[in-house]
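Colleague: Need coordinates for the following:
(chains A and B)
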Amino acid sequence: MIKLKTENLTKRFLGLVAVNKVSFSMEEGEILGIIGPNGAGKTTFINLISGIIMPTEGLIEYNGLDITYMPAHERARRGIARTYQLIHPLENLTLIENVMVGSIFAKGHSLKEARNKAEALCHELGLTGLDRDTSRLTILEVKKMEIARALANEPEVLFLDEVMAGLNADEMKELIAIVQRVALERHLAVGVIEHVMGVIRELTHRVIVLEAGELIAEGKYEEVSNNPRVIEAYLGRGGV
Amino acid sequence: MNRNVSRIFAVLFGVLAVTLPFFAGDYPLQVARNIMMYMALAITWDMLLRSGQISFGIAGLFGIGAYSAILSVIRAGMPAWFSILFAAIFSGVIAFVIGFLILRLRGMYFSIVTLALGEIFRIIIHNLHDFTGGPEGVVIQKGVIFGGNANSLYWLVLAGLAVALAASFWFEKSKIHFALTAIRNNEISAQSSGIDIFRWLLLAFVVTSAIQGLLGGIFVQSYGFATPDAVFSADFTLLPLAMALLGGVYSTTGPIFGAVLLGLVSEWLKLKIPYGHLVVYGIIIVIVILFMPQGLRQLVRRTSHSADGRSA
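Modeller: Predicted coordinates for the structure are as follows:
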């Protein structure tokens, strides 16, 4: 079942076309890799889908509903969640309080209910010391907290924007397993932006490749990584 | 600090505040009234600050409340006690309307516009001579609240402070705390958690403005007169701001400590260097911003943290 799709989604910033006529879809239970060189428009694409910025043209449909110009907070409530490349833990709030926020506002739970749910979620992701200040967390814990914050929305679609950045190999392995598990248990459609190709290979079922705002390839990781156009996008003409 | 210790302090403080008129003379009572008034304003300023919005419009909404209270008594014959409630409602409605216009602004733009709005209110009152009394202001001829009884007026101000305190604790203990803190930290990620930013900012702005209006109403009723220069005085913006900064922002306790300390110091300075006390205010603000951006609360916390460290 298709959870999310875009048609000719386009975003222009003055002269620059950051996202150019991208059409794609995501199925329930699917983990989709979104790759491409720096500046390809991957984050802009996710920003459009989550409603942080509004598109210039095109259509976004979620569960068959046109959400193209729906405000971001409304999309979050309906089940589109994401993490950010630049992490913004809420200072002045503890670890558990950070995780509670999505539960409170996206789902409308009471503070007590939200705390219970956040505790369960943290437990599930292997987070402990829940009353700690966020400045005292390790990088891995911060990443897990970001995922927990997104999951607190109880989403149907989840986007992870470079969630593996800054982690070592063992930590990546742990986080990949976590993402796979939560996606499976919740039947999530997950979109993963990632520069570490090993992660894309391990984690995703399918990959789309963006270059200069355009979708240039789509398919399994093995197919896509051998596609000449993709190799050219990453390495330039005459490379390899 | 130990939780029980602070609770005991809070109760003692409260009992002292309520019973003060029974043993304090006129002068200390007057000083206490002033401090409580500014303390309440400092708390409301901090409440909005928790969302990251720095308002310079306290005096504007205070003045609106003051004038709506006194004019509703003089022009419409409203009972004095009801005019104070009316002041709160009127200021809240005004804030609701202007909130739609200005809560899209951020940072210094929001600050400057709130400052300008306060000035606009003052000029309007200044120039609507027939209705507002113009620059000479208006005086309540008869029916002064509580017959001008000093003790009752003290309790009235205390009640105003209690409203501000209750609202501040409500902000701290409810969803509002999460909404405002998330908005202050990062508006984009706040939206992704389902927070309707504008709605929560509007709520915070309306509630704090209504309380500022309420305090204006209390102020004007306890003195029985209003002039534009008195009730729109920049003091009502700057002193609460200085108190909250000194005590430590994003909390209820910070503005309380700041107001007590700065209130007492300025009273003492008024005697030592008349008219010079405001200079000291300025110096305090500069020192606090440079050396303790989180105010006195930061010092208290730091010392209690290091104490914890030793005991562990």
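Colleague: Only C-alpha atoms from now on, for both contacts and neighbour counts.
Modeller: OK.
Colleague: Give the next helix or strand downstream of the strand or helix carrying residue A:73.
Modeller: Assigned by DSSP states H and E, residue A:73 belongs to helix A:72-78. For helix A:72-78, the following helix or strand on the C-terminal side (DSSP H and E) is strand A:80-82.
Colleague: what sits up against that following strand?
Modeller: A:50, A:147, A:150-151, A:153, A:155-161, B:192-193 (Cα atoms under 8 Å, 6 or more residues apart in numbering or on different chains).
Colleague: before we move on, what about stretch B:158-173?
Modeller: B:17-18, B:33, B:36-37, B:39-41, B:43-44, B:47, B:177, B:211, B:214-215, B:218, B:251-252.
Colleague: Pull out the buried members of those.
Modeller: Burial by neighbour count, 16 or more other Cα atoms under 10 Å in any protein chain shown: within these this picks out B:17, B:33, B:36-37, B:39-41, B:43-44, B:47, B:177, B:211, B:214-215, B:218, B:251-252.
Colleague: and residue 160, how many neighbours?
Modeller: I went with chain A, as the question did not name one. 24 (other Cα atoms under 10 Å in any protein chain shown).
Colleague: was after chain B, sorry
Modeller: Using other Cα under 10 Å: residue B:160 sits among 25 other residues.
Colleague: Doesn't it belong to a helix?
Modeller: Yes: checked against DSSP: H, G, I helix; E, B strand; the rest coil, residue B:160 lies within a helix.
Colleague: So for residue A:163, what's the pLDDT?
Modeller: In this model, residue A:163 is scored at 93, pLDDT.
Colleague: what's the answer for residue B:311, then?
Modeller: Reported pLDDT for residue B:311: 36.
Colleague: do residue A:237 as well
Modeller: Residue A:237 carries a pLDDT value of 69.
Colleague: how would you label the residue nearest in space to the middle of chain A: helix, strand or coil?
Modeller: Nearest residue to the geometric centre of chain A (Cα atoms, centre = their mean): residue A:159, 1.6 Å. Put simply, residue A:159 is strand when judged by three-state DSSP.
Colleague: any idea how far chain B is from it?
Modeller: Look at residue A:159 and chain B: by Cα to the nearest Cα, to the nearest Å, they are 11 Å apart.
Colleague: And residue A:177, by the same measure?
Modeller: Applying Cα to the nearest Cα to residue A:177 and chain B gives a distance of 24 Å.
Colleague: before we move on, the earlier item: most surrounded residue in the contacts of strand A:80-82?
Modeller: Going by other Cα under 10 Å, residue B:193 tops these with 34 neighbours.
Colleague: Just give the nearest non-adjacent residue to that residue, would you?
Modeller: residue A:102 (4.4 Å; Cα to Cα, 6 or more residues apart in numbering or on different chains).
Colleague: The strand or helix carrying that neighbour packs against which elements?
Modeller: Under the criterion of DSSP H and E, residue A:102 resides in helix A:95-105. Here helix A:95-105 touches helix A:111-124, helix A:139-151, helix B:175-185, going by 3 or more Cα pairs under 8 Å, 6 or more residues apart in numbering or on different chains; DSSP states H and E.
Colleague: so how far is that helix off the chain centroid?
Modeller: 18 Å (Cα atoms, centre = their mean, to the nearest Å).
Colleague: neighbouring contacts of that helix?
Modeller: A:77, A:89-90, A:109-111, A:114-115, A:117-119, A:122, A:130-134, A:145-146, A:148-154, B:175, B:178-179, B:192-195.
Colleague: ok, of those residues, which come out buried?
Modeller: A:77, A:89-90, A:109, A:111, A:114-115, A:117-119, A:122, A:130, A:133-134, A:145-146, A:148-154, B:175, B:178-179, B:192-195.
Colleague: confidence score at the residue nearest the centre of chain B?
Modeller: Ranked by distance to the mean C-alpha position of chain B (Cα atoms, centre = their mean), the top residue is residue B:41 at 0.7 Å. Listed pLDDT for residue B:41 reads 98.
Colleague: Check residue A:89 too.
Modeller: 79.
Colleague: Would you mind measuring from it to chain B?
Modeller: 8 Å.
Colleague: Verify the stated contact: that residue with residue A:134.
Modeller: Yes: at 6.6 Å, residue A:89 counts as touching residue A:134 under the criterion of Cα atoms under 8 Å.
Colleague: what touches both of those two?
Modeller: Common neighbours of residue A:89 and residue A:134 (Cα under 8 Å, 6+ apart) are residue A:142.
Colleague: Which stretches in chain A count as strands?
Modeller: A:2-13, A:16-27, A:31-35, A:57-62, A:65-66, A:80-82, A:157-161, A:189-193, A:206-211, A:214-219 (DSSP state E).
Colleague: So for residue B:281, which of these sits nearest?
Modeller: Closest to residue B:281 of the strands of chain A is strand A:80-82 (Cα to Cα; 46.1 Å).
Colleague: Mind listing the strands that closest one pairs with, and their directions?
Modeller: strand A:157-161 (parallel) (DSSP bridges).
Colleague: wait, does the strand or helix carrying residue B:39 contact chain A?
Modeller: Using DSSP H and E, the element containing residue B:39 is helix B:26-49. No: between helix B:26-49 and chain A, judged by Cα under 8 Å from any Cα of the partner chain, nothing touches; the nearest distance is 13.8 Å.
Colleague: Now do that helix against helix B:175-185: the angle between them, please.
Modeller: 70 degrees (axes from the mean of the first three to the mean of the last three Cα atoms, to 10 degrees).
Colleague: what does helix B:26-49 rub up against?
Modeller: B:20-21, B:54-55, B:58, B:150, B:154, B:157-158, B:160-161, B:164-165, B:168, B:171, B:201, B:204-205, B:208-209, B:211-212, B:215, B:236, B:239-241, B:243-244, B:249-252, B:255-256, B:259-260, B:263-264, B:267.
Colleague: any idea how far the residue nearest to the centre of chain B lies from residue B:168?
Modeller: 11 Å (Cα to Cα, to the nearest Å).
Colleague: Same question for residue A:152.
Modeller: 27 Å.
Colleague: same deal with residue A:1?
Modeller: Distance of residue A:1 to residue B:168, computed by Cα to Cα: 48 Å.
Colleague: Neighbour count: those two, which is higher?
Modeller: Ranked by neighbour count (other Cα under 10 Å), residue A:1 and residue B:168 place residue B:168 first, with 23 against 9.
Colleague: Tabulate the CA atom coordinates of the strand or helix carrying that one in PDB.
Modeller: If you go by DSSP H and E, residue B:168 is part of helix B:150-173. The C-alpha trace of helix B:150-173 is given here as PDB (Å, rounded to 0.1, in the frame of the first residue of the first chain):
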ATOM      1  CA  ALA B 150      -3.500  51.000  52.900                       C
ATOM      2  CA  ASN B 151      -3.700  47.400  54.200                       C
ATOM      3  CA  SER B 152      -6.400  46.500  51.800                       C
ATOM      4  CA  LEU B 153      -4.500  48.000  48.900                       C
ATOM      5  CA  TYR B 154      -1.500  46.000  49.900                       C
ATOM      6  CA  TRP B 155      -3.500  42.800  49.800                       C
ATOM      7  CA  LEU B 156      -4.900  43.800  46.500                       C
ATOM      8  CA  VAL B 157      -1.400  44.100  45.000                       C
ATOM      9  CA  LEU B 158      -0.600  40.800  46.700                       C
ATOM     10  CA  ALA B 159      -3.600  39.200  45.000                       C
ATOM     11  CA  GLY B 160      -2.300  40.600  41.600                       C
ATOM     12  CA  LEU B 161       1.100  39.000  42.400                       C
ATOM     13  CA  ALA B 162      -0.700  35.700  43.300                       C
ATOM     14  CA  VAL B 163      -2.400  35.700  39.900                       C
ATOM     15  CA  ALA B 164       1.000  36.200  38.100                       C
ATOM     16  CA  LEU B 165       2.600  33.500  40.300                       C
ATOM     17  CA  ALA B 166      -0.300  31.000  39.700                       C
ATOM     18  CA  ALA B 167      -0.100  31.600  35.900                       C
ATOM     19  CA  SER B 168       3.700  31.200  35.900                       C
ATOM     20  CA  PHE B 169       3.400  27.900  37.800                       C
ATOM     21  CA  TRP B 170       0.700  26.800  35.400                       C
ATOM     22  CA  PHE B 171       3.000  27.600  32.500                       C
ATOM     23  CA  GLU B 172       5.800  25.600  34.200                       C
ATOM     24  CA  LYS B 173       3.800  22.500  35.100                       C
END
